[in-house]
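A.B. asks: sequence first, then the predicted structure:
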There are 2 protein chains.
Amino acid sequence: MDMQDLTRSLHVRNDSKIVMVVADGLGGLPFESGGMTELDAAHCPRLDTLARRGILGLSIPVKPGITPGSGPGHLALFGYDPLQYVIGRGALEATGIGFELGPNDVAARGNFCTLDGAGLITDRRAGRIASHESAPLAIRLRQVKIPGIEVFVEPVKEHRFVVVFRGPGLGGDVRDTDPQATGVPPLVPQAAQATSAKTAEVAAEFVAQSQKLLKGEAKANGLTLRGFSERPALPPFEEVYGLRAAAVAVYPMYKGLARLVGMQLVGNAQTLDEQLAVLEQEWQNFDFFFLHFKYTDSTGEDGNFQAKVQRIEELDAAMPRIMALDPTVLIVTGDHSTPSRLRSHSWHPVPTLLLSDVCLSDLCEAFTERECIRGGLGQFEAKYLMPLALANALRLGKYGA
Amino acid sequence: MDMQDLTRSLHVRNDSKIVMVVADGLGGLPFESGGMTELDAAHCPRLDTLARRGILGLSIPVKPGITPGSGPGHLALFGYDPLQYVIGRGALEATGIGFELGPNDVAARGNFCTLDGAGLITDRRAGRIASHESAPLAIRLRQVKIPGIEVFVEPVKEHRFVVVFRGPGLGGDVRDTDPQATGVPPLVPQAAQATSAKTAEVAAEFVAQSQKLLKGEAKANGLTLRGFSERPALPPFEEVYGLRAAAVAVYPMYKGLARLVGMQLVGNAQTLDEQLAVLEQEWQNFDFFFLHFKYTDSTGEDGNFQAKVQRIEELDAAMPRIMALDPTVLIVTGDHSTPSRLRSHSWHPVPTLLLSDVCLSDLCEAFTERECIRGGLGQFEAKYLMPLALANALRLGKYGA
């Protein structure tokens, strides 16, 4: 029995409201031993006050030492075991550009490549062709016609694009056609399971027609396909938790991840202020709000400690508007850490704050990594955050008599 | 390999004595943020002294956020994974009234209901008939005769009773007959598996004869049966731990749970003082003692903060008599929290104290929730407490060479 089997059978409904603020890549590191992290350096009087009233802890996105991508990081926060539920690369790529995958869809990531006269790959990334050159080529591939199948092609960055095949009987278990080597031709799409045989045929036809459409291109005269995958079968949020959930996000990836678990996208906010306005407008219409704040991650990935500090302070300044709504449960956390020092996602457990009337405050003083170490939530796998949120909203019945 | 596979293969025997004091519903909450919990408010000089010498932690009964009933709460403390081992509702109900289930038994919970002239349910709870009216009716049902089957009927509260069928070839997998609706007749007992076909027949015969015996009753002229279940297959305590275990409990539910894991019930104590006397008398006869103290839970369920504080102090006062026996390992914990604030079981992790000559004391100062947060045992699933007890009693050999 997994946690969602438990919450599925135990959840009850009431009028409570849960807000989960996900500051992407929240956790950080000092640049020198014993120094300050971004959270230490940030002046966060509101978050510190909430930390004193609430309970802190450290969320482990996947398992100790494992650095997650945005997909597993968010799945875990949403309570979906990131080792049990895997979003295929094609599906994640499609999600990331805002493509809404349907149940009859198979997505794959495409890479333009350069082929020689004999059809052998000379450059697996088409000379890292610029986006402005590759996008028209991706759009050109929309001319491919396959009977009974809808084909969608969307440009991504540089040599990358996404292709989605839509039709009945398409399985997602097809092997990559990128041979991971030059001097050899792209592989023929091969089904790894009989239920994906039709997809392999469709993909082969797509490649054949695409090669013709690309004929004569200097760099991008060929293509490989990777990460074939169906829309992941994630049990819907409302079914597993009994929550009508709304996502207040700016970027397509996070909107897409929220949509995959059955959240409703609300508003069209482009800034944190606009996100707060959407939260206020939609307050009566949902039980659960996922509010995604991107910039703690992007500044971390830029290696810009001071910019990350400022973004944390921006988030701190947003707290009074959230608290004015009087949420039953407020959670502030991240999907992973992104220390400026590392310029990348990391495995470090993520500072997490939970506030409700029935949490046991733990006498911590501030919302920082080191205070979270001694917090009352301890260190916990992120997938337990949703059950904790439900419990604190008094939305879970008793297990066993 | 689960924990009990490990302890089964690693346990050794010696002269050590382990005492596990379970203060039911021990953990609490302050009534206002930053205020005192029941443990904070209680004056517990002996427990605080033991806390300074021992090691503290927080026990998570099932999983974070999950509130357990008494069954899963105690199974976990006894080291039985509460998600792996599930006690069916009928079996738990029988256990709770002190009925000793045997290996050929199937128990179900019965509800008296009211039927109209056409046999349709008009009240699923027989007008919540008073216990003094329903008990004689339950006893009347003992007149049911089914060839080859022993039938036991025991009154519970109001419209509830327990029925146990004893005989060869009875499986516990029969569907509830309560249609969860009025205006329809009770369902016919149906086996969900072929191995329970005989039970379904027996149950149908029991219902038919019972209806006749209840004919003419104004409120309780019908019945439904729920939660059919066999005695749960729990590997015995002595086999998995090598411990001769005794239960010193007052209430039938806890005696029953202890018996299900193979503990021997000792004494007939009605008070904590009498329980301590039994502990003293039986000290030489067992390796492990489960001492159950009910009133930290019942006062919590009453929402009576002050009464719970007094009950904690009563437990504190019992410590010298336990320590005078010089147990090798002393554990003080609870099966779950029952904050007076919530008047119910809760998900909050449970304050836990372990004392042995070989525990590493953690410099905590008092036996309170917040001290336990920073305790050396950390936050751990309750099912790990028995391995920790065995280890501290030097009763576990090395895993691997």
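C.D. replies: Perfect, I can see it now.
A.B. asks: quick one: buried residues of stretch A:245-261?
C.D. replies: For stretch A:245-261, the neighbour count (16 or more other Cβ atoms under 10 Å in any protein chain shown) marks A:245-250, A:253-261 as buried. Glycine gets a C-beta too; all of them are placed from N, C-alpha and C.
A.B. asks: in chain A, where's the longest strand?
C.D. replies: strand A:105-115 (DSSP state E).
A.B. asks: so which residues on chain A come close to chain B?
C.D. replies: With the criterion set to Cβ under 8 Å from any Cβ of the partner chain, chain A comes near chain B through A:1, A:3, A:6, A:10, A:52-53, A:357-358, A:360-363, A:374-376, A:378-380, A:384, A:386-392, A:396-401.
A.B. asks: which strands or helices does the longest strand of chain A pack on?
C.D. replies: helix A:89-96, strand A:121-123, helix A:131-140, strand A:160-166, helix A:197-214, strand A:222-230 (3 or more Cβ pairs under 8 Å, 6 or more residues apart in numbering or on different chains; DSSP states H and E).
A.B. asks: dump these into JSON lines; add mean pLDDT as well.
C.D. replies: Below are these laid out as JSON lines (pLDDT from 0 to 100):
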{"stretch": "helix A:89-96", "mean pLDDT": "92"}
{"stretch": "strand A:121-123", "mean pLDDT": "97"}
{"stretch": "helix A:131-140", "mean pLDDT": "96"}
{"stretch": "strand A:160-166", "mean pLDDT": "97"}
{"stretch": "helix A:197-214", "mean pLDDT": "98"}
{"stretch": "strand A:222-230", "mean pLDDT": "97"}
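A.B. asks: just put those in a markdown table and tack on distance to B:D15 and mean neighbour count.
C.D. replies: As requested, the helices and strands packed on strand A:105-115 are exported to a markdown table (distance: least, Cβ to Cβ, whole Å; neighbours: other Cβ atoms under 10 Å in any protein chain shown):
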| stretch | distance to B:D15 | mean neighbour count |
| --- | --- | --- |
| helix A:89-96 | 59 | 25 |
| strand A:121-123 | 74 | 18 |
| helix A:131-140 | 76 | 16 |
| strand A:160-166 | 69 | 23 |
| helix A:197-214 | 67 | 19 |
| strand A:222-230 | 60 | 24 |
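A.B. asks: got CSV for these, with distance to B:P339 too?
C.D. replies: Formatted as CSV, the helices and strands packed on strand A:105-115 follow (distance: least, Cβ to Cβ, whole Å):
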stretch, distance to B:P339
helix A:89-96, 41
strand A:121-123, 65
helix A:131-140, 57
strand A:160-166, 51
helix A:197-214, 55
strand A:222-230, 45
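A.B. asks: the stretch 251-400 of chain A: strands as residue ranges?
C.D. replies: A:264-265, A:288-293, A:329-333, A:350-355, A:378-381, A:398-399 (DSSP state E, counting those that start in this stretch).
A.B. asks: save those as a markdown table, and put in mean pLDDT, mean neighbour count and distance to B:L137 too.
C.D. replies: Below are those laid out as a markdown table (pLDDT from 0 to 100; neighbours: other Cβ atoms under 10 Å in any protein chain shown; distance: least, Cβ to Cβ, whole Å):
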| stretch | mean pLDDT | mean neighbour count | distance to B:L137 |
| --- | --- | --- | --- |
| strand A:264-265 | 96 | 16 | 52 |
| strand A:288-293 | 98 | 26 | 47 |
| strand A:329-333 | 98 | 25 | 46 |
| strand A:350-355 | 98 | 26 | 49 |
| strand A:378-381 | 98 | 20 | 50 |
| strand A:398-399 | 96 | 22 | 29 |
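A.B. asks: B:D173 is nearest to which of these?
C.D. replies: strand A:398-399 (20.6 Å; Cβ to Cβ).
A.B. asks: where does the stretch 251-400 of chain A get nearest to chain B, which residue?
C.D. replies: A:P387 (3.1 Å; Cβ to the nearest Cβ).
A.B. asks: next one: that residue from A:T195, what distance?
C.D. replies: Distance, A:P387 to A:T195, by Cβ to Cβ, to the nearest Å: 34 Å.
A.B. asks: the more surrounded of those two?
C.D. replies: Between A:P387 and A:T195, A:P387 has the larger neighbour count (other Cβ atoms under 10 Å in any protein chain shown), namely 25 against 13.
A.B. asks: hey, where'd the helices end up in chain A?
C.D. replies: With DSSP state H, the ranges of helices along chain A come out as A:3-10, A:38-41, A:45-53, A:70-77, A:89-96, A:131-140, A:197-214, A:237-241, A:252-260, A:272-282, A:295-301, A:305-323, A:369-373, A:385-392.
A.B. asks: verify the stated contact: A:G57 with A:T352.
C.D. replies: Yes - in this structure, A:G57 is within contact of A:T352 by Cβ atoms under 8 Å, at 5.1 Å.
A.B. asks: quick check: neighbours shared by the two?
C.D. replies: A:C372, A:G375, A:L377 (Cβ atoms under 8 Å, 6 or more residues apart in numbering or on different chains).
A.B. asks: neighbour-wise, which one of these leads?
C.D. replies: Top of those by neighbour count (other Cβ under 10 Å): A:C372, with 27 neighbours.
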